[in-house]
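Build me a model from this:
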Amino acid sequence: MKSRVVVGLLRVLLAGALVVIFLLQLVVLPWLSEVMAEDLPGEAYMRWPILILAILGLGCVQVGIVCTLRLLGYMRRGQVFSARALRWVDGIIGSFLAASLRPPEVVVRMACDRGFFFALDYRKGVEIW
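Numbering: from 1, shown residues only. Below is the predicted model of the structure:
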C-alpha cells in the first residue's frame with residue numbers, strides 16, 4: 001500500500017516537471033534569449049545557438065522523465081527487470097549520453113564563431129580568447 005502511494009506521488013511530480021519544462025521551452029527560454037539579445041548586442045549573434053542548445057538540453061531531461069514514468073508503470077506491475085523495461089533504461093542512458101555531448105559542442109561552436117580557440121602570443125604566453 002505504501003509503495004503504491006509513493007509511486008503515485010512520484011508520477012504526479014514527474015508529470016508536473018514535464019509540464020514546467022515544456023513551458024520553459026515554449027515561453028521562458030525564447031523570452032529570455034530576446035532579453036539577452038537586447039541587453040547584450042555584442043553577443044546577440046549567439047542568441048539562436050544558445051536557445052537551441054538549451055531547448056535540446058531540456059529535451060534530454062524530458063526523455064529521461066518519460067522513461068522514468070514508464071519504468072514506474074513497470075514497477076507497479078512487477079515487471080521492472082523484463083526485457084521491455086530494460087529498453088526504457090537504455091532510453092535514460094541515451095538521454096544522459098546526448099546531454100553529455102552538449103558541452104563539447106558549445107566549445108567547438110564558440111571556437112568556430114570566434115575563428116580561433118587559442119591565441120599564442122610569445123610575449124604574454126597563451127591567452128584563451
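
ok now the helix ranked longest in the chain, how far from the chain's centre?
Using DSSP state H to define each element, the chain has its longest helix at helix 47-77. When C-alpha coordinates are averaged (Cα atoms, centre = their mean, to the nearest Å), helix 47-77 and its chain have centres 7 Å apart.

again, but for stretch 19-38
Taking Cα atoms, centre = their mean, one finds stretch 19-38 lying 14 Å from the centre of the chain it belongs to.

so how far is the first residue of that stretch from its last?
Criterion Cα to Cα, to the nearest Å; first-to-last residue distance in stretch 19-38 is 28 Å.

List the buried residues in it.
24-25, 29, 33, 36-37 (16 or more other Cβ atoms under 10 Å). For every residue, glycine as well, the C-beta is placed using N, CA and C.

can you list contacts of that stretch?
The set of residues that contact stretch 19-38 without belonging to it, under Cβ atoms under 8 Å, 6 or more residues apart in numbering, is 43-44, 47-48, 50-51, 54-55, 58-59, 61-62, 65.

hang on, the earlier thing: tell me which other helices or strands the longest helix of the chain touches.
Identification of packing neighbours for helix 47-77 by 3 or more Cβ pairs under 8 Å, 6 or more residues apart in numbering; DSSP states H and E yields helix 2-23, helix 29-39, helix 83-100, helix 102-114.

and the ones you listed as JSON lines, adding mean pLDDT?
Listed next are the helices and strands packed on helix 47-77 as JSON lines, based on pLDDT from 0 to 100:
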{"stretch": "helix 2-23", "mean pLDDT": "92"}
{"stretch": "helix 29-39", "mean pLDDT": "91"}
{"stretch": "helix 83-100", "mean pLDDT": "91"}
{"stretch": "helix 102-114", "mean pLDDT": "66"}
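
Now render these as TSV, adding distance to residue 69.
Formatted as TSV, the entries for the helices and strands packed on helix 47-77 read as follows, by distance: least, Cβ to Cβ, whole Å:
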stretch	distance to residue 69
helix 2-23	5
helix 29-39	23
helix 83-100	9
helix 102-114	23
